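**Student:** Next one to model:
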Amino acid sequence: MNNLPAWLADAVFYEIYPQSFQDSNGDGIGDINGMIARLDYIKELGCNAVWVNPWYDSPFGDAGYDVRDYKKIAPRYGTNEDAKRFFDEAHRRGMHVLIDLVPGHTAIDHEWFKTSMRADKNEYSDRYIWTNSIWEGGGEYATLRGISDRDGCAVVNFFSHQPALNYGYAHPDRPWKISSDSPAALSTREAMKDVMRFWLDLGADGFRVDMAASLIKEDDIGHPANIRLWQDFRTFLEKEYPQCAMVSEWGVPKESIAGGFHMDFMLHFGPPAYKSLFRSEYPFFSKEGKGDIFAFLDTYSADLAATERKGLICIPSGNHDMSRLACGRDMRDLKICFAFLLTMPGAPFLYYGDEIGMRWLEGLTSVEGGYDRTGSRSPMQWEKRTGFGFTSSAKPYIPFDKSADAPTVEEQAKDENSLLNAVKTLLAVRKTHKALQSFGEFKPLYAEKGKYPFVYGRMAEGERIVVALNPADKAVEVPFLLNGKILWNVGEAPKGNKMAPCSAAVILK
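**Tutor:** Here you go, the predicted model:
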């Protein structure tokens, strides 16, 4: 079971985007002291774990995923002492903390890369991927050219200011492509293990790993070389930090969990299963009723079978890289989405603001490399006043939602029928019923291609719960009775074998 930490059995995560969550000093950018001030809110919501996006020192060309110093908190967020206090305050509340690990690349002004650019041979010459000549490109990978006296081009990961760290190639076919078990590639691994030690010793409970399947380049189908690399990391963690929890940005759970991760996300890239739920042309969770649950279920069922009891498959509400869940949906629609997200197996991940239906803001000028993603990164909306309770600054680093009906925590907390209170109730139900937690058995009870509703059972320790979901704006039927004690519902409750339009129910049998 990859030495699965026991706390993951009922874990519910909240993703904190540091720069957008809570500003405590009035500079228009969120910070660690602001995050600490809002821990009670996260706990009261029903989440017992957080994932913090990168908070390292950075030039912020890619919102902090361009790391300048792995062992230093970005000054705009605070200090390493503030980070330690954040860990301590979370732990005092019975919460766990994962931080983002970015092992695939750094910023161009990281000391490793600046040293690697030198023409003389040094200990960092092979820490990054360099071709042998300025005239030789990086094959399928983009490169930086003519940036120093060193002859050669440096391979980058997507953005030009993010040179790729060198973990080697699965099948080296050029002199400059080193093998993944060469001394230089192993040195890069050891450097990243040292980074992990630093944060685990400071108080982190684990990591969400960025681009986890991409470290060893030109891998075969199924990523066998990267799986072996992460098995090496798993061996290190089992020996030194056995309670370290690991979740991957991989998107193929049968591969990542084989590599030693405890959890993997279903994501908007890779197999279309996740997108088919919320973000495709005809998503299943839409009033139109044109979706197909099997676009999700076929992939999910295979992944669940491949990872059974070895790890968790996480279905997030969203994240900093995709459009908001609220796109094209009203509050009732969102309640139905959350009925699904919070009653499926695995550990749920809530992206900050999704619990109040924060919107994706169209047409924003890119901020910190966000481009179209910038619209999902606007500051948290706490109160209906200037600065939304996020900041006292007149100019937050990303503009707010300017809509008159922009949702806020304060307003929704007072409304018993709000989305926020629906999420709280669903999480309270999940907490009190093991059948709904990470390892409860999952069984589809009604799923027909191109049809609605979707009904499934969750079972554990003799308890059986049925979840019935009808996002479509039409009445539907199933070939059995939807009876029992209703633990939670939205829209009209099921009657016999019938479900009302735009409704959902969680039923104890």
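**Student:** Just confirm Asp232 is within a strand.
**Tutor:** No - counting by DSSP: H, G, I helix; E, B strand; the rest coil, Asp232 is not found in a strand; it is helix.
**Student:** That one: what's its closest spatial neighbour, skipping adjacent residues?
**Tutor:** The shortest distance from Asp232 to any residue other than its chain neighbours is 6.7 Å, reached at Arg189 (CB to CB, 6 or more residues apart in numbering). To be clear about C-beta, it is placed using only N, CA and C from the backbone, and glycine gets the same treatment.
**Student:** And the one helix or strand Ala295 maps to, what does it pack against?
**Tutor:** Taking DSSP states H and E as the definition, Ala295 sits inside helix 294-307. When contacts are defined as 3 or more CB pairs under 8 Å, 6 or more residues apart in numbering; DSSP states H and E, helix 294-307 packs onto helix 253-256, helix 275-278, strand 312-314, strand 441-446.
**Student:** okay if I get these as a markdown table plus mean pLDDT?
**Tutor:** Shown next, in a markdown table, are the helices and strands packed on helix 294-307 (pLDDT from 0 to 100):
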| stretch | mean pLDDT |
| --- | --- |
| helix 253-256 | 94 |
| helix 275-278 | 97 |
| strand 312-314 | 94 |
| strand 441-446 | 97 |
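**Student:** circling back to that earlier point, tell me the spacing between the residue nearest to Asp232 and Ser248.
**Tutor:** 16 Å (CB to CB, to the nearest Å).
**Student:** And for Ser503?
**Tutor:** For Ser503, the distance to Ser248 - CB to CB - is 35 Å.
**Student:** Comparing these two, which shows the higher neighbour count?
**Tutor:** Taking other CB atoms under 10 Å, Ser503 and Ser248 do not tie; Ser248 has more neighbours (28 against 24).
**Student:** can you pull out the strands in the stretch 251-400 of the chain?
**Tutor:** 263-265, 312-314, 349-351 (DSSP state E, counting those that start in this stretch).
**Student:** What count of nearby residues applies to Pro272?
**Tutor:** 14.
**Student:** That one against Asp298, yeah?
**Tutor:** No - between Pro272 and Asp298 there is no contact under CB atoms under 8 Å: 10.4 Å.
**Student:** follow-up on the earlier one: does the residue nearest to Asp232 sit in a helix, a strand or a coil?
**Tutor:** helix.
**Student:** Verify the stated contact: it with Asn166.
**Tutor:** No - applying CB under 8 Å, one finds Arg189 not in contact with Asn166, separated by 10.2 Å.
**Student:** Overlap in contacts, those two.
**Tutor:** By CB atoms under 8 Å, 6 or more residues apart in numbering, Arg189 and Asn166 have no common neighbours.
**Student:** circling back: how far away from the center of its chain is the helix holding Ala295?
**Tutor:** Relative to the chain's own centre, helix 294-307 is displaced by 19 Å; criterion: CA atoms, centre = their mean, to the nearest Å.
**Student:** Which one's more surrounded, Arg189 and Asn166?
**Tutor:** Asn166 (28 against 20).
**Student:** how far away is Ala447 from Glu355?
**Tutor:** With CB to CB as the criterion, Ala447 and Glu355 are 27 Å apart.
**Student:** Which of the helices and strands packed on helix 294-307 sits closest to His262?
**Tutor:** Among those, strand 312-314 comes nearest to His262, with 6.4 Å by CB to CB.
**Student:** partners of that closest one, with directions?
**Tutor:** In the sheet, strand 312-314 lines up against strand 263-265 (parallel) (DSSP bridges).
**Student:** For the strand it pairs with, give the mean pLDDT please.
**Tutor:** Averaging pLDDT along strand 263-265 gives 94.
**Student:** Give me the distance from it to the chain's centre.
**Tutor:** With CA atoms, centre = their mean, you get 8 Å for strand 263-265.
**Student:** What residue in the protein is the furthest from its centre?
**Tutor:** Relative to the average C-alpha location in the chain, and by CA atoms, centre = their mean, no residue lies farther out than Asp120, which sits at 40.4 Å.
**Student:** which ones are touching Trp51?
**Tutor:** Here Trp51 is in contact with Phe13, Tyr14, Glu15, Ile16, Leu98, Ile99, Asp100, Arg208, Val247, Phe349 (criterion: CB under 8 Å, 6+ apart).
**Student:** can you redo the residues you listed as CSV with pLDDT, distance to Phe454 and neighbour count?
**Tutor:** Output for those, formatted as CSV (pLDDT from 0 to 100; distance: CB to CB, whole Å; neighbours: other CB atoms under 10 Å):
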residue, pLDDT, distance to Phe454, neighbour count
Phe13, 98, 24, 26
Tyr14, 98, 26, 26
Glu15, 98, 25, 24
Ile16, 98, 31, 27
Leu98, 98, 30, 23
Ile99, 98, 35, 24
Asp100, 98, 32, 21
Arg208, 98, 28, 27
Val247, 97, 26, 26
Phe349, 97, 21, 26
